[in-house]
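Predicted model follows, preceded by the sequence.
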Amino acid sequence: MKKGALFLIILSLVLMVAGGLLAASIFVSGLTSFTAFAPKLSAFIASVLSSLIPAVSFSDSPVGLYPLAILAIGWGVLVLVCRKKPLYIWVFPMSTVMAVTLYLLVWSVRHPQVLHPLLQLILGTGMDSRESSLVVLLAFIIEVLLLMVLTLLSRMIMHRKKRVANPDSPQGESSVQKQHPAKPAKTKKKRRHGTNEIPDEATVTFRLDENGKETYSSMGSREHDDAPAPLVFPDLSSAPRADSLIKNGRTAPYVETPEPLPARRKVSRASDITDALFSAPTSHEPPPQEEVPGAGKKRSTFMEAALSIAEHKGQPVASTKIFHSGQLAAAVDRSQKGQGGSTASLSGFRNKYQGRSPSSSADVSKGFTLADVVTAAESRVPGNHDDGRKNSPPMSSAQSSWQQAPVGAIPSTRRSSSEFKPADPAPVTYVIPVETMPPTEYKVEQKIEQKIEQRAEPAPMWDYRHSTAQPIGDAENIGDPLPVEVAHDGDSDEDMVSGIGWLSSSNAGNSALYNRSKLMYQFPSPSLLTTYPEQANVIDDTIRAQGEQLIETLRQFKVEASLINIAKGPTVTMFEVALAPGIRVNAVMNLADNIALNLAARQVRIQAPIPGKQAVGIEVPNKKRDTIGFKELLPAMDAQEFAIPMVLGKTITGRPVAIDLAATPHLLIAGSTGSGKSVCVNSLICSLLYRRTPKQVRLILVDPKVVELTIYNGIPHLLTPVITEAKKTIKALNFCLAEMERRYRLLQSLGARNIKAYNKKLQTERIAREKLPYIVVIIDEFADIMLTLGKDLEGILSRLAAMSRAVGIHLVLATQRPSMDVITGTIKSNIPSRIAFAVTSNTNSRIIIDEGGAEKLLGKGDMLYMSNTDPIPSRIQGTFLSDEEVEAIASYARTQGEPDYLDEAIFEDDEPESTSSGDSGEDLGDDDEAMMRRALEIVVERKCASASFLQRRLKIGYNRAARLVEEMEEMGYVGPANGSKPRELLRYPD
Ligand SMILES: Nc1ncnc2c1ncn2[C@@H]1O[C@H](COP(=O)(O)OP(=O)(O)OP(=O)(O)O)[C@@H](O)[C@H]1O
């Protein structure tokens, strides 16, 4: 037992006895006066004690000996608490005395007439039991106070003792303990390490014995109380977290100037060790590599191992735990391979952790923390281990210092023990070469950077000097250098020049630029169009009479209103009616049928209110409808600068309406059969033929009904013959998706945000690329295809509708089935501009334009147009194009150039792999001969040669496929390029 503890025990007993005597004398002398002065208080105390008796009594308690058991438990706890704190030993006699006092107190209250013999002995017989009970009570209070005083005193003495034991610590306690007061400084689990116990993750103390061998102990362990004073680790509070360095992708180099080293190291947690291990001030620059030859190789293997493990586990270094000795060994192996040095120390490390006795190897499986790694690294201390340096060549001072320095001492703020002091007292520089220890993230970044660098290196793909292409746009001086094209993979089929990708002409080897220049499209003449008689917008007496009759009808239904305006349109006349105050708009709306009845009109549509007016519009069909000729509306397309101008018709007020599909940006047309959809679609297509060349706008037409749009077959605007099959439709739409992606890449290459900006850049910067034409995909009766393809079509259409606007791909979908399964929510949400022709029900109208009204339309081109900018539908009478007119326009367009269709391979079915050859030619790699053999087999199979088909079948890049076809031509197997058609097979291979 320690002297201090003995002293305290004696002190406590003395104090206790003295206190008790003092209290007794005071109260014995003042008892009479107390009871006289405070009878009520004494009575109150007596009552409280009486109520407490059953709970604390030993013998009289109704609960038997439970209080005794509680006391025993309390003692047990005290024994445990004070096991390692000898200074608190006085608690045992103190508590015993208190228990006896308590017992006496209880006795006094329970037996007011009888004085306990013990009390008689202490207090004498001159006192009655009442007085004696008060004395006992006060004695108990004094004992409690004494307990508190002694506790505080003990604590103070312990603090003082620690400070004496560890003069370096200003706190008198380890900083770790201060930081983690909730965790008592003791180990949870221990495992044997030789003769020492190593805590897993708790506070660890590293010590060196007289032989320089390191030992471990947990904080406060008695077993090591007599061990040499613990080594003191440097203050780690300023060290940045290791994982923060890792995240930055950079491990800061650090330079240290060793200071006079203290004899002890401060106790530290494993995470703190690793934090400090990998931390360093960044202000210092590392010395040049030549000054520290081999420093990179000779740097800490264990640190490398630690990093390697952390990297493998994807964790921050500080929190990495190694669970298997094999893992650790593997990490060390990796480090060793990378370094090619420190073999001896590594083997020492292995011996340390792997070459243990069987009993200890079981503990090994519990895992190592990086603290273990660090500790092992310490074993490289000169003099402790042979780390292979004996045979090393002479080292530079810095290198020598580095190798002599323990790994744990690397951080700049760290101090080493005197044993670790380098032989050279001169300032020593420790260097960790940054480049040899890149963390995972850093490697990833490096890879990305390398990739970017690789991409950034442009390889000229198209040299205008070797091309027959003519400059595009306003470029006049071909001699001027053109901007270098962004390179792409030579084997890629990505076309950076063509306005449209995957054209058969460019696939056939023709320059896209050259091919486009063949087109000299002249717009059709308006003379091809029929002129319809001028419609009479005159408001005659008949119409006025109709207006009066309308007001009268309203009045009959108690709706006071006045006629304020009449607008006569081509199909309907709108009577603008102002309602009297207090009349509800709905009152008029509900009278639509009555008005129609009274006016003998077929349908009456009521617009309540007219947007922007304090009036209700009542649209009554004209007795005689006017036809809006397409010719009449041609000038409307020139009124504004439209990218894709299209005429729709005329409003009620006679205003011509033309839209820009590029802004719309997609259009949904729906209406029941005979409502005028096909005529509308024709006028949209003819608008393009009249105002846009194939260089500006290209078309993909889909017509499942076959008879509606096939009339356009052969016009130069077409990208493919009019599609009539669902299967081909999906392929065409897939092409659009691919083209959309290609275009986005093109836009990105020039930093353009949309097709307009891209085309403008080509012109202003005179870049040798084709301008991107707009692509308009028109699908008539898309309900048929939708029902066949279902979700596939919906998905593609939605994606296109959502994303293709910027790259100039626009959709026009027409259907005569305005049902929910055709015009789905997804399609509707992606196509805000819609045209509703006459439908049979209000529900259908709602499906198309989200409100009723289309059921009141009159058919034959009578439409409600809802644009993306104005959700209130406006009534328009569509333009009329007769079949003859359409035929004439298409015929004329056909004379203006050959269509440059997409490669037919796009629309071909995916053929099953040929089994006849037994050759998996599709995976022929770089074997040119085998590739040619397989290509010839395919060509013979098909009786024609197409580069893109070969590309698909052989799963090779387009350029390679085109080369194969050219070689076939040279060898005489296939004929020359044949426009958009595949090359002819001339002879069979031998
Ligand atoms: N704008 C118009 N002006 C005058 N008449 C028109 C107009 N639009 C259509 N019509 C008339 O309506 C008829 C039907 O038009 P259209 O063929 O376009 O209807 P649809 O909705 O396509 O019918 P379906 O779905 O059965 O093909 C046409 O033959 C034409 O006579």
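Great, that's in hand.

Tell me how many other residues crowd the residue of the chain found nearest the ligand.
In the chain, the residue that lies nearest the ligand is residue 861 (2.3 Å; Cβ to the nearest ligand atom). Any C-beta I mention is one placed from the backbone N, CA and C, and that applies to glycine too. Neighbour count for residue 861, taken as other Cβ atoms under 10 Å: 28.

Could you do the one 10 residues further on as well?
Neighbourhood size, residue 871 [other Cβ under 10 Å]: 12.

What of residue 812?
Neighbours of residue 812 (other Cβ under 10 Å): 27.

sorry, back to before: contacting residues around the residue of the chain closest to the ligand?
For residue 861, the contact set (Cβ atoms under 8 Å, 6 or more residues apart in numbering) comprises 571, 628, 649, 675, 676, 679, 680, 837, 877, 878, 879, 880.

helices or strands next to the longest helix belonging to the chain in the packing?
The single longest helix within the chain, with elements called by DSSP state H, is helix 129-165. With contacts defined as 3 or more Cβ pairs under 8 Å, 6 or more residues apart in numbering; DSSP states H and E, helix 129-165 has these neighbours: helix 3-37, helix 39-56, helix 91-110, helix 117-123.

Mind listing what's buried along it?
129-140, 142-143, 146-147, 150, 153-154, 158 (16 or more other Cβ atoms under 10 Å).

Output stretch 816-830 as PDB - backbone C-alpha positions only.
Coordinates of each C-alpha in stretch 816-830 appear next as PDB, following Å, rounded to 0.1, in the frame of the first residue of the first chain:
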ATOM      1  CA  GLN A 816     -57.400  10.200 -84.900                       C
ATOM      2  CA  ARG A 817     -57.600   8.300 -81.600                       C
ATOM      3  CA  PRO A 818     -57.500  10.900 -78.900                       C
ATOM      4  CA  SER A 819     -57.500   8.400 -76.100                       C
ATOM      5  CA  MET A 820     -55.500   8.200 -73.000                       C
ATOM      6  CA  ASP A 821     -53.500   5.100 -74.100                       C
ATOM      7  CA  VAL A 822     -52.400   7.000 -77.200                       C
ATOM      8  CA  ILE A 823     -52.000  10.500 -76.000                       C
ATOM      9  CA  THR A 824     -50.400   9.500 -72.700                       C
ATOM     10  CA  GLY A 825     -49.500  11.900 -69.900                       C
ATOM     11  CA  THR A 826     -45.800  11.500 -70.800                       C
ATOM     12  CA  ILE A 827     -46.400  12.500 -74.400                       C
ATOM     13  CA  LYS A 828     -48.600  15.300 -73.400                       C
ATOM     14  CA  SER A 829     -46.200  16.700 -70.900                       C
ATOM     15  CA  ASN A 830     -43.400  16.700 -73.500                       C
END
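
Tell me the spatial nearest neighbour of residue 538, not counting adjacent residues.
Excluding its sequence neighbours, the residue lying closest to residue 538 (Cβ to Cβ, 6 or more residues apart in numbering) is residue 568, at 7.3 Å.

Look at the one you found and say how many residues are nearby.
Using other Cβ under 10 Å: residue 568 sits among 20 other residues.

Show me what it bridges to in the sheet.
In this entry, residue 568 is beta-bridged to residue 573, by DSSP bridges.

Tell me the confidence at it?
pLDDT, residue 568: 86.

again, but for residue 273
Residue-level confidence at residue 273 comes out at 41, pLDDT.

again with residue 880
Residue 880 is assigned a predicted lDDT (pLDDT) of 92.

which stretches of the stretch 51-200 of the chain have low pLDDT?
Residue ranges of the stretch 51-200 of the chain with pLDDT under 70: 51-71, 78-87, 109-110, 112, 125, 129, 162, 164-200.

what does this structure have sitting close to the ligand?
Within the chain, the residues that sit near the ligand (Cβ under 6 Å from any ligand atom) are 627, 671, 673-679, 816, 860-861, 878-880.

Any of those buried? List them.
By neighbour count, with 16+ other Cβ under 10 Å, these hold 627, 671, 675-679, 816, 860-861, 878-880 as buried.

These: which two are farthest apart?
The span of these, defined through Cβ to Cβ, is set by 627 and 816 at 21.8 Å.

Just the buried positions in stretch 938-955, please.
938-939, 942, 944-954.

give me the number of residues near residue 531?
By other Cβ under 10 Å, neighbour count at residue 531 equals 11.

Wait, it touches residue 627, no?
No: using Cβ atoms under 8 Å, residue 531 is not in contact with residue 627; the gap is 10.5 Å.

Kindly state the domain boundaries assigned to the protein.
Split into domains by automatic domain parsing, the chain comes to 3-164, 190-442, 541-621, 642-726+776-894, 913-984.

Which residues belonging to stretch 624-638 are considered buried?
625, 626, 627, 628, 629, 630, 631, 632, 633, 634, 636, 637.

buried ones in stretch 842-858?
By 16+ other Cβ under 10 Å, the buried positions in stretch 842-858 come out as 844, 845, 846, 847, 848, 849, 853, 854, 855, 856, 857, 858.

As CSV, those with secondary structure and distance to residue 784 would be great.
Below are the buried residues of stretch 842-858 laid out as CSV (DSSP: H, G, I helix; E, B strand; the rest coil; distance: Cβ to Cβ, whole Å):
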residue, secondary structure, distance to residue 784
844, helix, 17
845, helix, 22
846, helix, 23
847, helix, 17
848, helix, 18
849, helix, 22
853, coil, 26
854, helix, 21
855, helix, 23
856, helix, 27
857, coil, 23
858, coil, 26
